[in-house]
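S.K.: after the sequence you'll find the predicted model.
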Amino acid sequence: MTEAITRTDIKNFNNDGVVVLRGVFNDWIEILRRGAEFHINNPSESALIHKQDSYQGQFMEDFCNWQRIAEYKDFVLNSPLGSFAADLTDSKSIQFFHDHFFYKEASSGVATPWHQDMPYYCVEGLQTVSFWMPLESREQSVSLKCAAGSHSYSKEIRPTSWSNNESFYEDNEAFMDMPNIDNDNFEIKQWAIEPGDVVAFNFKTIHSANANTVGGVSRTLSFRLLGDDVRYRKRPGRTSPNFPDINQKNGERLREDWFPTIWRN
Ligand SMILES: O=C(O)CCC(=O)C(=O)O
């Protein structure tokens, strides 16, 4: 076990599906900020823009840029990301899945709705973790919100398109409706964040984030990692992010040339 992660962190991650780790990436913030500035000026073809007419700012999200942005690649391959993921998911090895960038301009009125990440992905398994890393201080009110314990549902939550709320896949019966998070007595985990802190959560943990209503921009990177039991799962349509040429069969470990093993115990 690394020194940065305690037994209590692991217990909380297992029970709640989410834990905050303080200051564990302090040494990487300047590097990731340089990468993010390049990224904002050079989004990929997959970048999505969300905008509400009544607000000035926009919200951009983008996926899978770690191989072309040197600072992200350095972080993925050389930071303790993989060892932290191994500790939290009790895995012997960790594959890197993808990075996801959330850039919310000042006063951009678009929130990230309640959702569960797993059903958007071409994988299944219990040993998963995302590291949500703001690159500037974040007040609690504009930080990530996670519904504690929501990773334990056996059925996945129906994924929807964030722009029109329509079901992502035609196969609707395979999924359950989003519970009424605010009325179903979930404990909501939400923390004020300083750069270098990270919120680690399971791919099945239901989460959301309020719109950026504060003065400055909000730049957040989420890094997604796969532990020992994670396998390829074909979905009944395009996934997000989409890997149309992945050419894999259900039950296989993800291909190493696209999703490298970044940590072995
Ligand atoms: O920062 C946000 O707005 C949402 C983050 C999120 O949904 C994620 O990292 O999976």
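M.R.: Here it is on my side, so go on. Residues are numbered from 1 along each chain as shown.

S.K.: now do the contacts for residue 241.
M.R.: 46, 63-64, 98, 100 (CB atoms under 8 Å, 6 or more residues apart in numbering). Placement of C-beta: from N, CA and C, glycine included.

S.K.: and it, helix, strand or coil?
M.R.: Here residue 241 is recorded as coil under DSSP: H, G, I helix; E, B strand; the rest coil.

S.K.: from the ligand, how far off is it?
M.R.: Distance of residue 241 to the ligand, given as CB to the nearest ligand atom, to the nearest Å: 12 Å.

S.K.: for that residue, which non-adjacent residue is spatially closest?
M.R.: Leaving aside its sequence neighbours, residue 241 sits nearest to residue 63 (CB to CB, 6 or more residues apart in numbering; 4.0 Å).

S.K.: and the ligand, which of the contacts of residue 241 reach it?
M.R.: Among the contacts of residue 241, the ones lying near the ligand by CB under 6 Å from any ligand atom are residue 100.

S.K.: of the contacts of residue 241, buried ones?
M.R.: Buried positions within these, assessed by neighbour count (16 or more other CB atoms under 10 Å), are 63-64, 98, 100.

S.K.: what is the nearest of these to the ligand?
M.R.: Closest to the ligand out of the buried ones among the contacts of residue 241 is residue 100 (5.8 Å), distances taken as CB to the nearest ligand atom.

S.K.: how about the closest one, secondary structure?
M.R.: Residue 100 is classified as strand under three-state DSSP.

S.K.: got the contact list for it?
M.R.: Residue 100 neighbours (CB under 8 Å, 6+ apart): 61-63, 221-224, 241.

S.K.: same question, residue 187
M.R.: Residue 187 neighbours (CB under 8 Å, 6+ apart): 16, 147-149.

S.K.: look up phi and psi at it.
M.R.: phi -80, psi 130 (degrees, to the nearest 10).

S.K.: can you check my assumption that residue 173 lies in a helix?
M.R.: Yes. Residue state for residue 173 (three-state DSSP) corresponds to a helix.

S.K.: distance of it from residue 240?
M.R.: 21 Å (CB to CB, to the nearest Å).

S.K.: thinking again about what came up before, what is the nearest of the buried ones among the contacts of residue 241 to residue 20?
M.R.: residue 100 (18.6 Å; CB to CB).
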